[in-house]
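Colleague: the following block contains a protein sequence and its predicted model.
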Amino acid sequence: MTISFNKADKNITLGGRVALKVFLERQMKKEGIRIGCMQYVFCSDKYLLNINKQFLNHDYYTDIISFDLSETKGELIGDIYISVDRVKENAKSHKTTQGNELLRVIFHGALHFCGYKDKKPADAKLMRSMEDKWLKAFLKSVTRALE
């Protein structure tokens with residue numbers, strides 16, 4: 001299993017990387033997904049907009065784009081691009097911390113690989129519920145580890 005956190009054109013502070021990797025692997029395993037390689041790439045709005053245009057023919061900002069590059073069923077190989085600019089804006093609009101919003105988006109990308117969708121209202125509601133569930137479980141596990 002390999003999970004990596006990389007930057008394209010934006011630096012980001014992401015504490016607890018080891019705990020986050022362990023958590024992601026455990027949660028995805030519960031969903032029936034074995035991680036071969038999952039890469040998170042942190043970038044700017046401009047960088048992600050270019051990806052959105054080039055690969056998805058969408059001309060708008062987004063907070064995250066996930067690419068499933070798997071060749072073998074049951075072993076995930078995927079890239080997740082996250083706009084740090086959108087995370088900051090989303091944190092303001094959702095009245096949460098940037099750290100919690102970043103975790104939510106990280107989990108959102110992983111959940112896409114687990115088969116969760118977010119285009120239809122009912123799907124988006126389930127996705128948000130799963131994000132909240134994973135966020136709560138992760139924060140609880142980190143807090144417990146510090147006690």
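Modeller: Arrived safely, thanks for sending. Residues are numbered from 1 along each chain as shown.

Colleague: give me the low-pLDDT residue ranges for the chain?
Modeller: Scanning the chain for pLDDT under 70 picks out the ranges 1, 144-147.

Colleague: please repeat the previous calculation with a cut-off of 90.
Modeller: 1, 10-16, 72-75, 141-147 (pLDDT under 90).

Colleague: now do the strands in it.
Modeller: 3-7, 34-43, 64-68, 75-83 (DSSP state E).

Colleague: need the ones you listed in a markdown table with distance to Asn90, can you?
Modeller: (Glycine included, C-beta is placed from N, CA and C.) Putting the strands of the chain into a markdown table (distance: least, C-beta to C-beta, whole Å) gives the following:
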| stretch | distance to Asn90 |
| --- | --- |
| strand 3-7 | 19 |
| strand 34-43 | 14 |
| strand 64-68 | 10 |
| strand 75-83 | 9 |
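
Colleague: output those strands in JSON lines; the columns should cover mean neighbour count and distance to Tyr116.
Modeller: Formatted as JSON lines, those follow (neighbours: other C-beta atoms under 10 Å; distance: least, C-beta to C-beta, whole Å):
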{"stretch": "strand 3-7", "mean neighbour count": "15", "distance to Tyr116": "18"}
{"stretch": "strand 34-43", "mean neighbour count": "19", "distance to Tyr116": "15"}
{"stretch": "strand 64-68", "mean neighbour count": "17", "distance to Tyr116": "11"}
{"stretch": "strand 75-83", "mean neighbour count": "21", "distance to Tyr116": "14"}
